[in-house]
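**Student:** structure of the sequence below:
(chains A and B)
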Amino acid sequence: MHELSITCSIVETVTEAARGRKVHRVVVEIGELSGVMTDSIAFWFPEVARGTEVEAADLEIRQVPAVARCEVCGIEFPTPSMLTACPCGSYRFKRFKGEELNVKSIELEGVL
Amino acid sequence: MCANCGCQGEKATILDLQTGATTSIAGAHHDHTHDHPSHPHGHEHGPNDASDHHHHDYRHGDHAPHHHKGIDVVDVEARILKKNDELAAKNRAWFAGREILALNLVSSPGAGKTTLLERTIGDLAGTLPLFVIEGDQATANDGERIRRAGAAAVQVNTGTGCHLDADMVTRALAALKPPPGAVVMIENVGNLVCPALFDLGERAKVVIFPVTDGEDKPLKYPHIFAAAATVLFSKIDLLPHIDFSLAEAISNVRKVNPYAKMLQVSPRSGQGMADWCDWLRAELAAARQSAFA
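**Tutor:** Below you'll find the model as predicted:
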């Protein structure tokens, strides 16, 4: 359900950056453990964008795999789920990738 | 107004239960859009058009300005939740400047957040002033319960929204006006999913985990348990009558959050309330200290 307000924030961020120009493409980065469903963002995007400069834009969602560094054994390991433990068995680790929620770039109609 | 999508905040209202004054929060997210797509935006460029963003200019306009319009790529590199996080930082500074302890209480609906607050208000009466921001989709029922229990309350009704955001808290604080040294309890909308993502400016999130739920709640809703500083097992007076394994639930919390502080309470019997109140006093003292750190 919060994907709707996340999508609103995406459109708002893009609209501000576009400064009135038509947007052709929006690239967002969503970590696989950000707590946001990418399908749902894609579903809401055209609805939220309707009537704005973002209306006709393609949305590209780049999913970022989650990676953590163990505080016990020090290795880096992938954490595809919130419940993944380190291969050493530890649950004490810092996740440094996979929680991103960013607007990366946009493509705008060029000006003469 | 966000007429297209009916998104978060569109119908949010804030009720000051002390004065009865109601204000509504208009959906803000389309404020910056232009509702006239046929307008020739292409001619609006000027000296500011380059903005503060880094442009990779793919167009050929400089060499052959009349050939075609081309495409400009703008590296935005902005956090999607930037606005909310900035407002949350503002709230956090507001709390720090007043040496206020702010806690964000989250749980599924019916976990007993309001009952916990009612009991806490009574137990701390005369020693620690409690101020409450009540979040629900609709009704002022919980805000009224808090008022009856003896604390000042502001009710935020989120309408269609599934969580409180930092802007709603800012506006609620403007009505609530908690004094320096107070404890502000922000009772979020009953929901274990969405509130995990939205920073309100609190010092800590507290998850209320009633023992009438399954032991695997932390595994099913790991984001909120991972984001919480404290997990408060509630309704523990029921433990003798149900099959809930506290040991298993604690081990599940540890799997998603090895650092969470865990407490056990029953607002009904009073069990554990002294520990909870001690924890609140310690957190308030820590909040005061960190305000000047």
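
**Student:** C-alpha only now, for contacts and for neighbours.
**Tutor:** Will do.

**Student:** ok, what's across the strand from A:Arg95?
**Tutor:** Going by DSSP bridges, A:Arg95 is paired in beta bridges with A:Ala68.

**Student:** so it is in contact with A:Val67, correct?
**Tutor:** Yes - when contacts are counted by Cα atoms under 8 Å, A:Arg95 is listed as touching A:Val67 (5.8 Å).

**Student:** which ones are touching the closest residue to B:Met273 other than its chain neighbours?
**Tutor:** In space, and not counting its chain neighbours, B:Met273 is closest to B:Val265: 5.7 Å by Cα to Cα, 6 or more residues apart in numbering or on different chains. In this structure, B:Val265 makes contact with B:Leu232, B:Phe233, B:Ser234, B:Lys235, B:Ile236, B:Gln271, B:Gly272, B:Met273, B:Trp276, judged by Cα atoms under 8 Å, 6 or more residues apart in numbering or on different chains.

**Student:** redo these as JSON lines? Include secondary structure and pLDDT.
**Tutor:** Below are those laid out as JSON lines (DSSP: H, G, I helix; E, B strand; the rest coil; pLDDT from 0 to 100):
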{"residue": "B:Leu232", "secondary structure": "strand", "pLDDT": "98"}
{"residue": "B:Phe233", "secondary structure": "strand", "pLDDT": "98"}
{"residue": "B:Ser234", "secondary structure": "strand", "pLDDT": "97"}
{"residue": "B:Lys235", "secondary structure": "coil", "pLDDT": "98"}
{"residue": "B:Ile236", "secondary structure": "helix", "pLDDT": "97"}
{"residue": "B:Gln271", "secondary structure": "coil", "pLDDT": "97"}
{"residue": "B:Gly272", "secondary structure": "coil", "pLDDT": "98"}
{"residue": "B:Met273", "secondary structure": "helix", "pLDDT": "98"}
{"residue": "B:Trp276", "secondary structure": "helix", "pLDDT": "98"}
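
**Student:** out of those, who's the most crowded?
**Tutor:** Using other Cα atoms under 10 Å in any protein chain shown as the neighbour test, these are led by B:Ser234, with 26 neighbours.

**Student:** pLDDT score for residue 1?
**Tutor:** This is for chain A. Note for A:Met1: predicted pLDDT of 70.

**Student:** actually chain B
**Tutor:** 32.

**Student:** ok, B:Ala293 next?
**Tutor:** We note a pLDDT of 75 for B:Ala293 in this prediction.

**Student:** by proximity to chain A, which residue of the stretch 151-293 of chain B wins?
**Tutor:** B:Cys194 (5.4 Å; Cα to the nearest Cα).

**Student:** mind checking the longest helix of chain A?
**Tutor:** helix A:2-18 (DSSP state H).

**Student:** elements contacting that one?
**Tutor:** Here helix A:2-18 is seen to pack against helix A:38-49, strand A:101-109, strand B:71-79 when contacts are counted using 3 or more Cα pairs under 8 Å, 6 or more residues apart in numbering or on different chains; DSSP states H and E.

**Student:** so what's B:Leu89 closest to, chain neighbours aside?
**Tutor:** That one is not Leu; residue B:89 is Ala. Per Cα to Cα, 6+ apart, closest to B:Ala89 is B:Gly201, 5.7 Å.

**Student:** contact partners for the residue most central in space within chain B?
**Tutor:** Among the residues of chain B, the one closest to the centroid is B:Leu200, at 4.2 Å (Cα atoms, centre = their mean). Contacts here follow Cα under 8 Å, 6+ apart; on that basis B:Leu200 touches B:Asn84, B:Asp85, B:Leu87, B:Ala88, B:Asn91, B:Arg92, B:Asn104, B:Leu164, B:Asp165, B:Ala166, B:Val169.

**Student:** quick one: B:Gly122 and chain A, what's the gap?
**Tutor:** 35 Å (Cα to the nearest Cα, to the nearest Å).

**Student:** nearest spatial neighbour of the residue nearest to the centre of chain B, skipping sequence neighbours?
**Tutor:** Nearest residue to B:Leu200, sequence neighbours excluded (Cα to Cα, 6+ apart): B:Ala166, at 4.3 Å.

**Student:** next, the angle from the longest helix of chain A to strand B:71-79.
**Tutor:** 130 degrees (axes from the mean of the first three to the mean of the last three Cα atoms, to 10 degrees).

**Student:** relative to the whole chain's centre, how far out is helix A:2-18?
**Tutor:** 11 Å (Cα atoms, centre = their mean, to the nearest Å).

**Student:** how about residues contacting the helix or strand following it?
**Tutor:** Using DSSP states H and E, the helix or strand that directly follows helix A:2-18 along the chain is strand A:23-31. Under the criterion Cα under 8 Å, 6+ apart, residues A:14, A:36, A:38, A:53-66, A:97-109 lie in contact with strand A:23-31.

**Student:** cool, stretch B:157-168 as well?
**Tutor:** Taking Cα under 8 Å, 6+ apart as the rule, stretch B:157-168 contacts A:1-2, B:6-14, B:25, B:84-85, B:87-88, B:91, B:135-140, B:156, B:188-189, B:191, B:194-195, B:198-201.
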